[in-house]
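K.L.:
coords please:
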Amino acid sequence: MDINDLFKLFSEEDKESSKNNTPTLDFTEHPIYWIGMFTKIIKNHKGFDLYIKKIFNKLTPELEIEIDKMEELGDWVTFNRAWFYIEKINLKNNFHYEYLISTATPDTTMALDVIIAHFERFEEYEKCAHLSNIKNELKDFIK
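P.N.:
Prediction:
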């Protein structure tokens, strides 16, 4: 049996139609994704700081960027990216609320504590209020 004969059974039209009919789900606009990404970003942010330092030292060793400035840069990127995800959670939306209480972990509450402290330092109290509301909703579900 010739392998090429086997592949001739499938026409190019079949390949194209199967590509167009393949169902896909985009989880990037789903609360479970937002909560997971938020938690993961905050948990890994110290590793990200080290990565940023390494990149800048490779790119511009002659500039000798101050360590404190690089930590600030890493924190700014990390916390603003984490905010990008968690700000989408609307506690008045039952769908969001149900996913929040069913998927949040102790790591999520730790991440909320860390990011609240960061935004308090820069007096971004609107963000702190949103984050505190989420944390308060979770306190009865996560021990």
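
K.L.:
how about the nearest residue to the residue nearest the centre of the chain, chain neighbours excluded?
P.N.:
When Cα atoms, centre = their mean is applied to the chain, the residue found nearest the centroid is residue 37 (2.3 Å). Leaving aside its chain neighbours, residue 37 sits nearest to residue 85 (4.6 Å; criterion: Cβ to Cβ, 6 or more residues apart in numbering). For glycine as for every other residue, the C-beta is placed from the backbone atoms N, C-alpha and C.

K.L.:
swap in residue 111?
P.N.:
Leaving aside its chain neighbours, residue 111 sits nearest to residue 42 (3.5 Å; criterion: Cβ to Cβ, 6+ apart).

K.L.:
Next, the buried residues of the longest helix belonging to the chain.
P.N.:
Scanning the chain for the longest helix, with DSSP state H as the assignment, gives helix 67-86. Under the neighbour-count criterion of 16 or more other Cβ atoms under 10 Å, helix 67-86 has 70, 74, 75, 78, 79, 82, 83, 85, 86 buried.

K.L.:
quick one, what contacts the last one?
P.N.:
Going by Cβ atoms under 8 Å, 6 or more residues apart in numbering, residue 86 touches 34, 35, 38, 115, 130, 131, 134.

K.L.:
Repeat that for the first one.
P.N.:
The neighbours of residue 70, taking Cβ under 8 Å, 6+ apart as the test, are 49, 52, 53, 56.

K.L.:
mind putting the buried residues of helix 67-86 in a markdown table, pLDDT and distance to residue 122 included?
P.N.:
As requested, the buried residues of helix 67-86 are exported to a markdown table (pLDDT from 0 to 100; distance: Cβ to Cβ, whole Å):
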| residue | pLDDT | distance to residue 122 |
| --- | --- | --- |
| 70 | 71 | 17 |
| 74 | 78 | 15 |
| 75 | 87 | 10 |
| 78 | 91 | 13 |
| 79 | 96 | 9 |
| 82 | 97 | 14 |
| 83 | 98 | 12 |
| 85 | 98 | 19 |
| 86 | 98 | 16 |
